[in-house]
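Q: Using only what follows, build the 3D model:
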Amino acid sequence: MEKEVHLGVTGPFGAGKTAAINALEEVGFTYHSLSDEVRKEARAQGHTELERDILINVGNNTRREYGQMVFAQRVLDSAKDDDKAIFDGIRAVGEVNYFKENDPNFILIAITASEETRYNRILSRGRAGDPKTLDEIAIKDRKDRGIGIDECVKMAHHVIVNEGITIEQLTGKLFEYIGIERQKVCEVANIM
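A: Here you go, the predicted structure:
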C-alpha cells in the first residue's frame, strides 16, 4: 500500500503547474482547487461575471472576514477521504500554514520558471482568459505576487525550477520529491 499523500501546488502562473497536476491526475490523484472555492463564494455572493479582478476581490474579502485559511479549510474538508489528493491554487501564507498544521500528509511543491519562459508559455498556449500582451502578463503577475505567491514558494517543501526541462523530467522530479515511484502508482491506478 502506497503512503497517503496530500500535495499542494503553488507558484506563479505559466510555470507549469497544470502540466504537473495533469500527470498526477493520470495516476489517481484527486484534484481539489482553492480557486474553485473562490468561484463558488463569488456565485454565492451573487456575482455572475467571474472575471479575475472580481475573483481576487472576493477571495481577499472572504479571507479578511473568515481568515486566510478559509479556502484551504474547505478543500481539505472535501479531501478527507482521499489517499492521494492535489490542492491547486494555493496563493496565501495562511493557506500553507493551515495545510501544514492540519494535514500530516501535506507536502507543498512550488513550480517556478523565469519571467521570460512563463511569458512565452502564456502567449503561446492561447488559454481563454490569459493575458494577451507582456504588459497584461506583468499586471497579472503583480496581482498574484501581492496575494502572496512568492511567500508560498519560500514555504514549499520542494521547489522545481521548470526551466529547460521536458514534461517527463518535470513530472519525474515531482514524483521523486513526493516519494512515490511513478511505476507503482501507475500499476495501482490501472488495477482500480
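
Q: Under the pLDDT cut-off, which ranges of this protein? List them.
A: 1-2, 180-192 (pLDDT under 70).

Q: rerun that using 80 as the cut-off
A: Residue ranges of the chain with pLDDT under 80: 1-3, 52, 126-132, 143-147, 179-192.

Q: what's the spacing between the most centrally placed residue in the chain and residue 98?
A: For the chain, the residue nearest the mean C-alpha position is residue 88 (2.7 Å; C-alpha atoms, centre = their mean). Going from residue 88 to residue 98 by C-beta to C-beta, to the nearest Å gives 15 Å. Placement of C-beta: from N, CA and C, glycine included.

Q: Same question for residue 122.
A: 29 Å.

Q: Next: residue 143.
A: 22 Å.

Q: Of those two, which one has the most company?
A: Shown here are residue 143 and residue 98; by other C-beta atoms under 10 Å, residue 98 has more neighbours (22 against 13).

Q: Now that one: closest residue in space, sequence neighbours ignored.
A: residue 69 (3.5 Å; C-beta to C-beta, 6 or more residues apart in numbering).

Q: The one you found: neighbour count?
A: 20.

Q: which residues touch it?
A: 94-95, 97-98 (C-beta atoms under 8 Å, 6 or more residues apart in numbering).

Q: Ok, residue 149 next?
A: 10-12, 91.

Q: likewise residue 162?
A: 15-16, 111-113, 117, 170.

Q: These: which two are farthest apart?
A: 117 and 170 (12.4 Å; C-beta to C-beta).

Q: between the two, who's got more neighbours?
A: Higher neighbour count among residue 117 and residue 170: residue 170, with 20 against 17, using other C-beta under 10 Å.

Q: Pretty sure that one sits in a helix.
A: Yes. According to DSSP: H, G, I helix; E, B strand; the rest coil, residue 170 belongs to a helix.

Q: For it, which non-adjacent residue is spatially closest?
A: residue 162 (5.4 Å).

Q: just residue 62 next, same as before
A: Excluding its sequence neighbours, the residue lying closest to residue 62 (C-beta to C-beta, 6+ apart) is residue 41, at 5.4 Å.

Q: number of nearby residues for the one you found?
A: 19.

Q: after the helix or strand where it lies, next one along is what?
A: According to DSSP states H and E, residue 41 maps onto helix 34-44. Using DSSP H and E, the next helix or strand after helix 34-44 towards the C-terminus is helix 52-66.

Q: Alpha carbons of that following helix, in PDB - could you do that?
A: Taking Å, rounded to 0.1, in the frame of the first residue of the first chain, the C-alpha atoms of helix 52-66 are listed here in PDB:
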ATOM      1  CA  ARG A  52     -10.100  37.700 -12.500                       C
ATOM      2  CA  ASP A  53     -10.400  41.000 -10.700                       C
ATOM      3  CA  ILE A  54     -13.800  40.100  -9.200                       C
ATOM      4  CA  LEU A  55     -12.400  36.700  -8.000                       C
ATOM      5  CA  ILE A  56      -9.300  38.400  -6.500                       C
ATOM      6  CA  ASN A  57     -11.600  40.900  -4.600                       C
ATOM      7  CA  VAL A  58     -14.000  38.100  -3.400                       C
ATOM      8  CA  GLY A  59     -11.000  36.000  -2.300                       C
ATOM      9  CA  ASN A  60      -9.300  38.800  -0.500                       C
ATOM     10  CA  ASN A  61     -12.600  40.000   1.200                       C
ATOM     11  CA  THR A  62     -13.500  36.400   2.200                       C
ATOM     12  CA  ARG A  63     -10.000  35.800   3.700                       C
ATOM     13  CA  ARG A  64     -10.300  39.100   5.600                       C
ATOM     14  CA  GLU A  65     -13.700  38.100   7.000                       C
ATOM     15  CA  TYR A  66     -13.100  34.400   7.800                       C
END
